[in-house]
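A.B. asks: Give me the fold of what follows.
(chains A and B)
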There are 2 protein chains.
Amino acid sequence: MSKVGIDAMAFYVPNLYVSMDDLAAARGIEAEKLKRGLGLQKMALPDVGEDAATFAANALLNLIQQNAIDPSTIGRVYLGTESAVDGSKPTATYAVEIVENHLADTYGSRSFKNCDILDMTFACVGGVDAMHNSVDWVKQDPSRKAVVIASDLSKYELNSTGEYTQGAGAVAVLIAHEPSIISFGNAWGVGSKSEGDFFKPRRYFEKSDLLKSVLAELNLDHSDEAVSQFIEASNSSFWKDPSERIEIFKEEPVFDGQFSNACYEERITEALAHFNSQDATNFLESWDHLIFHLPYAFHGRRIIFNNWLNWVKGSDALSELETEIGSASETDAKDWNKRAYKSQLYKNFVVQKIAAGELASSEIGNMYTASIFMSLLSLLANALSTNQDITGETIGFIAYGSGSKSKVFEGTIESGWKSKIKPINLFETLKTRDAIDVETYEQLHGFKVSTPVATNKKISLDYIETEPTNYGLRRYSIK
Amino acid sequence: MSKVGIDAMAFYVPNLYVSMDDLAAARGIEAEKLKRGLGLQKMALPDVGEDAATFAANALLNLIQQNAIDPSTIGRVYLGTESAVDGSKPTATYAVEIVENHLADTYGSRSFKNCDILDMTFACVGGVDAMHNSVDWVKQDPSRKAVVIASDLSKYELNSTGEYTQGAGAVAVLIAHEPSIISFGNAWGVGSKSEGDFFKPRRYFEKSDLLKSVLAELNLDHSDEAVSQFIEASNSSFWKDPSERIEIFKEEPVFDGQFSNACYEERITEALAHFNSQDATNFLESWDHLIFHLPYAFHGRRIIFNNWLNWVKGSDALSELETEIGSASETDAKDWNKRAYKSQLYKNFVVQKIAAGELASSEIGNMYTASIFMSLLSLLANALSTNQDITGETIGFIAYGSGSKSKVFEGTIESGWKSKIKPINLFETLKTRDAIDVETYEQLHGFKVSTPVATNKKISLDYIETEPTNYGLRRYSIK
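C.D. replies: Below you'll find the predicted structure:
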């Protein structure tokens, strides 16, 4: 059976960012805490007219153009996102539409006619789910190729504890036989438990309550009759809607950071055990690189620590650690664990296996579903720029989605990786972005500006239809 | 290679319905038009506290209990839905949580611990996508079993042209090797094109516009200053939200019925051609049964007609048709097509291959993703109750999702179907539901009642959390 995996990659990150120095100064906190503690440097921000569909379209277009792929050879485009722009029509269809139209001169008007297009949703792990299913599909026929896109917008409330972990963008990968970049093993570990650690609920309001509160605050008659009369007389489509319930969507999630960390750690521990039950690899010892879902750059090194420590305790490495930080039996457990986290042994582990995958995250922030794919790209681009020969080395992928599920799987770096990673120019491209100040960021965040800040944006939402039969349909353009 | 397909099925439909006689009378139109023209009899309606998560949980619980399945043997629960209750946390996790907790006494507290759970979204074809991917996954290992759920709420605006095609419910199927009910072939035809024929957009309002219109309608100062002052002084979480943009979610779709029919017909024609390019079966001749996505009961027989007519024109059946309705060359084409639609030859085709799959739809209405699965169940339950031996017969599945995509695939009825369909009691269960009048229906539709109408509801939304760290998290209970 031939190998199946990632044959090509591409990415898109918005052109705008805010530096952590600026944001920390505006919020009156120490920038060093964010930079040294969490690994945050810059936070990518969408411009006016950018959304999960435009990010995905940019990444898909880059993938096709950089690798000269004929779209009609792509059997599926599966999108993982938790920033969908519609409740029924997949965001993937908008992304494909933009690209299909743009490439019509080259490949004909319906180059995706027989392509299976789909959105998958499970918080930040949905992109991995899309890839898992696409690998299974490609496996069955040597001619099959699939594109997987992870595209998201990580947006938190202004002044919230999550504000520093925003970010945006997309990564697209081509799944094929005898791949140039990564081939995947057959074992997939899963850990699942329904949790409310992070989610995007609708906020419910009663329309009459809302109006009553307005009338009351204006010191006007706010009786049921007054409210009914107002609604009947109103010309506003908002107020005259026959439903008493108003359901508000917000991009900003509801979350509990500490609880979510605990869920992440528990699920990945379960998924690692499930993976090992199939593969029996001692993953922490044998994997050359660890790639995580990264809500912030240093999250992986923090969340895997207890698993690492448990592994050390059962291995020859324990004596080495105890030589460095003292015996576990003679020290308070919590204190010893802290020392272990700061030990040279753990630092070496992080530097050797994790740090290269964090570099892009520091420059971009949280990309939700796309974070783990960007971390892989970061590892590869860094190996290229530092002249490392990593062909044949193994990567352990540790994915997590709130709500909650972890998936663990293994990849092996294939010999064609350099030639496919080079044209991507990851770090060079990230250096060409424009910094914006905190005031501009806040205006964009609150939808208080209507014209794009950057001037070099290729794909953008042009307008939204307003006729009754297509009210809300999104029209994108590409320049 | 062993066969893979549907080994068990279960369904859930809400206990409440409105009859077409009542709804037609209330709207002042002829009931016969809906009944004879579209095949509509009753329309299932969710009670207070019912949503896509409770439908899915009911169907999953029925599947597990009716077939004594140990949940720990289920490797995935994939849900197709366009009625998701959250933008990030899969509706499938809520459904599994309800069932896992309920079954904890029997199967332990974490019986879905290593289960891969996921939502898929592509309008009404998302359930078929979930099944397609699960079949591919199960194929790879003889011990694998997967559950696919299609769960949806079809809700249209009061007095709209879509009002008669509402419905609700879920179907769950178990995918396994050597299945009792249906085995699937390897060919899957796909037709895709991004369209806006039906979708669920968010409606955007500018908060200051909304307030200005209220102040103006009250003949108050509605200057920018007045609006700003009001927002600053307000105690309402709705008005004081820092975002200028208000995004409204509505369950009711935006759609263009005629255009959607055209998209449906074009996509299935493309998917049939794509299927035939892999399988080379003359599908309309060889398939014993045709199962469609049914937005209303008679939609399949209407939408396949042109394909049928094209097939007739190229086959021996043309002379039979021309004997019945006259020669095509001697008649106006449109008129001849109309005669062909009303011909005995087409009626026989519909009765033999399509009608049995329409029966449940007439009683339930549109179940979106679940409609095609319910149509299969209808075919099988009808064959059982009329003592037909259909083992070995083939089924052509013709799926459609607006936005737009069609999938076409083939199944063969396996010998164990009777024993697995009998305990489901489809038509008997549908007869035990409660009719509600149009006034009650309108109250439920507009969220103007807060206590359930039916008294025998097992699974229900209990409450929604309101603390900042879990605001909006849904809490369900099972009785």
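A.B. asks: Which phi and psi values does residue A:450 adopt?
C.D. replies: With angles defined as degrees, to the nearest 10, residue A:450 sits at phi -120, psi -10.
A.B. asks: neighbours of it, just the number please.
C.D. replies: By the criterion of other CB atoms under 10 Å in any protein chain shown, residue A:450 has 7 neighbours. (Glycine included, C-beta is placed from N, CA and C.)
A.B. asks: likewise residue A:137?
C.D. replies: 22.
A.B. asks: Same question for the one 3 residues further on.
C.D. replies: Applying other CB under 10 Å, we find 12 other residues in the vicinity of residue A:140.
A.B. asks: Up against chain B, what does the stretch 201-350 of chain A have?
C.D. replies: A:201-205, A:210-211, A:213-214, A:217-218, A:220, A:230, A:233-239, A:242-250, A:253-256, A:259, A:270, A:274 (CB under 8 Å from any CB of the partner chain).
A.B. asks: Show me which of these are buried.
C.D. replies: A:201-203, A:205, A:210-211, A:213-214, A:230, A:234, A:238-239, A:243-244, A:246-250, A:253-256, A:259, A:270, A:274 (16 or more other CB atoms under 10 Å in any protein chain shown).
A.B. asks: Can you flag which of those residues belong to strands?
C.D. replies: Members of these lying in strands (criterion: DSSP state E): A:203, A:205, A:246-249, A:254-255.
A.B. asks: Now tabulate these in JSON lines and tack on pLDDT.
C.D. replies: Below are these laid out as JSON lines (pLDDT from 0 to 100):
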{"residue": "A:203", "pLDDT": "95"}
{"residue": "A:205", "pLDDT": "93"}
{"residue": "A:246", "pLDDT": "94"}
{"residue": "A:247", "pLDDT": "95"}
{"residue": "A:248", "pLDDT": "95"}
{"residue": "A:249", "pLDDT": "96"}
{"residue": "A:254", "pLDDT": "97"}
{"residue": "A:255", "pLDDT": "97"}
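A.B. asks: which one of the residues you listed sits closest to residue A:404?
C.D. replies: Each of those was checked against residue A:404 using CB to CB; the closest is residue A:255, at 11.7 Å.
A.B. asks: The closest one bridge partners, please.
C.D. replies: Assessed by DSSP bridges, residue A:255 has beta-bridge partners residue A:198.
A.B. asks: For it, list the residues it contacts.
C.D. replies: Counting by CB atoms under 8 Å, 6 or more residues apart in numbering or on different chains, residue A:255 touches A:162, A:197-199, A:402, B:469.
A.B. asks: and it, how far is that from residue A:155?
C.D. replies: 12 Å (CB to CB, to the nearest Å).
A.B. asks: tell me the domain boundaries of chain A?
C.D. replies: Under automatic domain parsing, the residue ranges defining each domain of chain A are A:4-197+A:254-304+A:354-478, A:203-248.
A.B. asks: Most proximal residue of the stretch 201-350 of chain A with respect to chain B?
C.D. replies: residue A:201 (2.6 Å; CB to the nearest CB).
A.B. asks: who's in contact with that residue?
C.D. replies: Residue A:201 makes contacts with A:254, B:85-87, B:464, B:471-474, as judged by CB under 8 Å, 6+ apart.
A.B. asks: Please report how far the residue lying closest to residue A:378 once chain neighbours are set aside lies from chain B.
C.D. replies: The spatial neighbour of residue A:378 that comes closest, neighbours along the chain excluded (CB to CB, 6 or more residues apart in numbering or on different chains), is residue A:360 at 3.6 Å. Distance, residue A:360 to chain B, by CB to the nearest CB, to the nearest Å: 23 Å.
A.B. asks: Just confirm residue A:360 contacts residue A:373, I think it does.
C.D. replies: No: with contact defined as CB atoms under 8 Å, residue A:360 does not count as touching residue A:373 (10.1 Å).
A.B. asks: can I assume residue A:5 sits in a strand?
C.D. replies: Yes: counting by DSSP: H, G, I helix; E, B strand; the rest coil, residue A:5 falls inside a strand.
A.B. asks: pretty sure it contacts residue A:175?
C.D. replies: Yes: counting by CB under 8 Å, residue A:5 touches residue A:175, with 6.9 Å between them.
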